[in-house]
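Here is a sequence together with a model predicted from it:
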Amino acid sequence: MDVLGRPLVDRTLPLLAEGYAWLPNRMRDTPGPVVRTRILGRPALALRGPEAVRFFYDERNVHRHRAVPEPVLGTLFGHGAVHTLDGAAHRARKSLFLPLLAPERVAGLVDHVTAAWDDAVPDWSGRGAVVLFDEAATVLTAGVHRWAGIPLDVCEERATARDLIAMVDGFATAGPRHLRARRARARQEARLARLVRHVRTGGASAPADSVLDLVCRHREADGAPLDGRTAAVELLNVVRPTAAVAWFVAFTAHALHRWPGHRARLADGDVPFVTAFAHEVRRFYPFVPFLGGLAARDLYWRGEWVPAGGLVVLDVYGQNHDESLWGDPYAFRPERFLGRPVGRDELIPQGGGDPATGHRCPGEGITVGVLEALAVRLARMEYTVPQQNLTIPLHRVPTRPHSGVLLAAIR
Ligand code: HEM
């Protein structure tokens with residue numbers, strides 16, 4: 001500690017080495033769910049729990065402007081993305097995404113994705129074996145493009161899915177995965193910026209009220225339209241995370257393999273159970289490790305302090321596995337979500353707080369809806385699971401079953 005009691009030793013390297021387990025391990029060593037440390041050269045305060053969520057999402061405490069490191073912007077979110085805005089600028093940009101919460105929009109996307117899945121299954125049957133993660137990403141990419149009004153040739157679906165997945169896969173690492181993510185983003189931003197230009201100059205049309213139409217017509221807080229590159233960034237902020245639902249589809253297949261007793265209830269389409277299963281997949285499996293922002297002023301939380309400009313970190317994975325919230329958190333039990341409302345700030349795989357006013361994911365309804373539909377389809381599908389490496393390494397961010405879940409003899 002220095003003279004002001006600030007931790008001196010930077011923990012970025014242990015964080016990169018331990019991945020999802022790093023913060024929960026540190027939390028275990030402290031009396032309250034709060035850890036003071038140093039990350040990326042800054043003093044940092046890590047917290048968890050529903051009250052901590054409300055503290056974190058209060059703009060008077062934490063802001064996002066300049067909080068996202070460039071390597072994450074250059075791969076995952078895109079420069080100038082909604083994730084990086086605060087206050088009036090954030091609210092104006094967020095209004096672009098709030099229509100995605102409407103049940104009829106969610107249902108429309110689910111229809112497109114399930115149609116793409118049903119079209120793909122006969123092809124999977126004709127092949128000896130398929131990697132579910134890759135196939136699900138292609139199906140999701142095809143479905144979300146049709147729903148969003150973004151043209152995509154069938155022969156481009158697989159390569160586009162690869163790019164969208166690469167952007168997520170490479171954000172938290174150095175080396176080849178990161179370079180692949182940057183190249184993928186550059187390609188996809190260029191493609192979508194071209195499309196936005198064509199729509200605006202009359203060379204292409206956007207179906208009325210589609211996501212493409214909304215983005216092309218959007219006005220910022222100052223009344224200005226989005227420049228072409230930022231419009232492309234925000235289109236990608238819809239199609240990329242939808243393709244990323246492939247992570248949860250692979251986790252669903254993993255869960256069905258490990259705990260086959262759940263298959264019958266899913267296959268029956270038992271609606272409350274299907275929803276509970278989707279929530280448990282999002283809670284149990286590791287995807288988002290934590291979220292970060294910058295202290296808007298000197299902040300105190302549970303007796304710990306971080307100076308203005310320090311990092312405030314919300315321990316997402318740790319909260320979703322907090323014994324005091326979930327009881328037996330490392331058991332996969334969808335039943336825990338039956339007959340119990342899901343607390344807004346308890347289950348936070350896609351952020352906490354109110355999506356309309358804060359940074360919570362506006363695609364949560366879409367994620368749950370798509371996952372429900374595809375979990376039922378998976379449960380009804382006949383297949384074998386050949387010998388393969390299904391381990392999910394916790395040091396890799398984002399992680400997934402090592403094999404991607406190889407399925408054979410699909411019918
Ligand atoms: C794979 C499933 C998904 C996961 C795990 C996920 C997770 C998240 C998380 C953790 C955040 C950040 C919350 C925060 O900063 O406080 C977020 C924000 C966001 N997500 Fe998702 N998301 C998913 C799917 C989606 C989908 C399907 C869409 C759109 C169709 C979407 C669009 C967005 C947007 C636009 C933001 C930025 C919101 C803002 O900054 O105000 N996400 N998501």
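Nice, thanks for sending it over.

contacts, neighbours, all on C-alpha from now
Fine.

In the stretch 251-400 of the chain, mark out all the helices, start to finish.
Under the criterion DSSP state H, counting those that start in this stretch, helices of the stretch 251-400 of the chain are mapped to 263-267, 271-284, 316-319, 323-326, 364-380.

Buried deepest among the ones you listed, which one?
Stretch with highest mean neighbour count among those: helix 316-319 (a mean of 27; mean count of other Cα atoms under 10 Å).

about what we covered before: now for the helices of the stretch 251-400 of the chain, which one comes closest to the ligand?
helix 364-380 (5.1 Å; Cα to the nearest ligand atom).

now the closest one and helix 271-284, what's the angle there?
Put simply, helix 364-380 runs at 110 degrees to helix 271-284, going by axes from the mean of the first three to the mean of the last three Cα atoms, to 10 degrees.

Mind telling me what element residue 141 is part of?
Residue 141 is part of helix 132-148 when elements are defined by DSSP states H and E.

The host helix or strand of residue 187 packs against which elements?
Counting by DSSP H and E, the element that carries residue 187 is helix 176-200. When contacts are defined as 3 or more Cα pairs under 8 Å, 6 or more residues apart in numbering; DSSP states H and E, helix 176-200 packs onto helix 157-169, helix 211-217, helix 228-243.

how about the helices of the stretch 251-400 of the chain in TSV, adding mean pLDDT and distance to residue 189?
Output for the helices of the stretch 251-400 of the chain, formatted as TSV (pLDDT from 0 to 100; distance: least, Cα to Cα, whole Å):
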stretch	mean pLDDT	distance to residue 189
helix 263-267	98	38
helix 271-284	98	28
helix 316-319	97	29
helix 323-326	96	40
helix 364-380	98	23
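
For these, please prepare JSON lines with the additional fields distance to residue 149.
Output for the helices of the stretch 251-400 of the chain, formatted as JSON lines (distance: least, Cα to Cα, whole Å):
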{"stretch": "helix 263-267", "distance to residue 149": "31"}
{"stretch": "helix 271-284", "distance to residue 149": "27"}
{"stretch": "helix 316-319", "distance to residue 149": "33"}
{"stretch": "helix 323-326", "distance to residue 149": "40"}
{"stretch": "helix 364-380", "distance to residue 149": "16"}
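
Get me the contact residues on this structure for the ligand.
Counting by Cα under 6 Å from any ligand atom, the chain comes close to the ligand at 82-83, 94, 237-238, 241-242, 244-245, 288, 349-351, 358-364, 366-367.

Would you confirm that residue 217 contacts residue 225?
Yes: the criterion here is Cα atoms under 8 Å, and residue 217 meets it with residue 225 at 6.9 Å.

Residue 66 should be in a strand, yeah?
No: membership of residue 66 in a strand is not supported by DSSP: H, G, I helix; E, B strand; the rest coil, which gives coil.

contacting residues for the closest residue in space to residue 213 that isn't next to it in sequence?
Take residue 213 and drop its neighbours on the chain: the residue closest to it by Cα to Cα, 6 or more residues apart in numbering is residue 206, 5.2 Å away. Each residue near residue 206 by Cα atoms under 8 Å, 6 or more residues apart in numbering is listed here: 149, 150, 199, 212, 213.

how close does the first one get to residue 106?
Right, residue 149. 15 Å (Cα to Cα, to the nearest Å).

before we move on, what about the fourth one?
Residue 212 sits 16 Å away from residue 106, taking Cα to Cα as the criterion.

could the helices and strands packed on helix 176-200 go into JSON lines alongside mean pLDDT and mean neighbour count?
Formatted as JSON lines, these follow (pLDDT from 0 to 100; neighbours: other Cα atoms under 10 Å):
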{"stretch": "helix 157-169", "mean pLDDT": "98", "mean neighbour count": "22"}
{"stretch": "helix 211-217", "mean pLDDT": "98", "mean neighbour count": "22"}
{"stretch": "helix 228-243", "mean pLDDT": "98", "mean neighbour count": "23"}
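
Using TSV, please lay out those together with distance to residue 257.
Listed next are these as TSV, based on distance: least, Cα to Cα, whole Å:
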stretch	distance to residue 257
helix 157-169	24
helix 211-217	36
helix 228-243	22
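
between these, which gets nearest to residue 395?
When the helices and strands packed on helix 176-200 are ranked by proximity to residue 395, the top entry is helix 157-169, at 13.3 Å, counting by Cα to Cα.

What angle do helix 132-148 and that closest one make with each other?
100 degrees.

Buried by neighbour count: which residues of stretch 217-224 qualify?
Neighbour counts using 16 or more other Cα atoms under 10 Å place 217, 218, 219, 220 of stretch 217-224 among the buried residues.
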